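1. predicted model and sequence below, questions to follow.
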Amino acid sequence: MRLERRSVAGLDEIRPQLLDLYAEIYADRLAEDFHSVERFDERLGWNTEVPGFAVVVGHLDGTPVGYAYGCTLQRGTRWWAGLRTPVPDGAVDEDGHRTFALSELMVVDEVRGTGAAKAIHAHLLDGRSEPRATLLVERSHPKVRSLYETWGYEWFGEVLPFADSPLYDALVLARA
């Protein structure tokens, strides 16, 4: 698998590919407002406005088969706004250097279970300076949460990021 990293500067060229892959992977959920392609594109846009944005796309035989993207959490971020779990003082204080937020990681069915997702994830985090990373996993997907835990992520709390979103588990990976 060939891995390609892009910053916000190179996103416009591949954005249609990202949207097409999203539509393929989430085909069974596109009728849900939160999971529509339009809402996904909106969330992608929000990420590109934040410093530290990066995306990694995995290609097999020239065809995109998955990707991951995220950004560095800034002071005043909404990322933790829907946190429903008490956490220690300072645990969600962001300063623009502390936490990389992995907003999406997805691969097509044909490469699931091959290590493609892990390779894309590792390439996205490679060389980043943030001492921790975070991501959200739908509570209804315990197998996915377990996979992330095998990569070193630990449960942090329960999050409802948007009024119409699913309930998520927030996971954190200590990198320092």
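-> Ah, there it is.

2. Val87 and Leu171: what is the separation?
-> 13 Å (C-beta to C-beta, to the nearest Å). (C-beta placed from N, C-alpha, C; glycine too.)

3. what touches both of those two?
-> Phe156 (C-beta atoms under 8 Å, 6 or more residues apart in numbering).

4. the more surrounded of these two?
-> Neighbours were counted for Val87 and for Leu171 using other C-beta atoms under 10 Å; Leu171 has more, 21 against 13.

5. what are the bridge partners for the more buried one, then?
-> Leu135, Trp155 (DSSP bridges).

6. I'd assumed Trp155 was in contact with it.
-> Yes. In this structure, Leu171 is within contact of Trp155 by C-beta atoms under 8 Å, at 6.0 Å.

7. which neighbours do those two share?
-> Arg145, Glu149.

8. what count of nearby residues applies to the residue nearest to Val144 when sequence neighbours are not counted?
-> Among residues not flanking Val144 along the chain, Val137 sits closest, at 5.2 Å (C-beta to C-beta, 6 or more residues apart in numbering). Neighbourhood size, Val137 [other C-beta under 10 Å]: 23.

9. tell me what the helix or strand harbouring Val137 is packed against?
-> Following DSSP states H and E, one finds Val137 within strand 132-138. Secondary structure elements in contact with strand 132-138, counted by 3 or more C-beta pairs under 8 Å, 6 or more residues apart in numbering; DSSP states H and E, are strand 99-107, helix 142-150, strand 168-174.

10. next secondary structure after the lengthiest helix in the chain?
-> Longest helix in the chain, counting residues (DSSP state H): helix 11-25. For helix 11-25, the following helix or strand on the C-terminal side (DSSP H and E) is helix 37-48.
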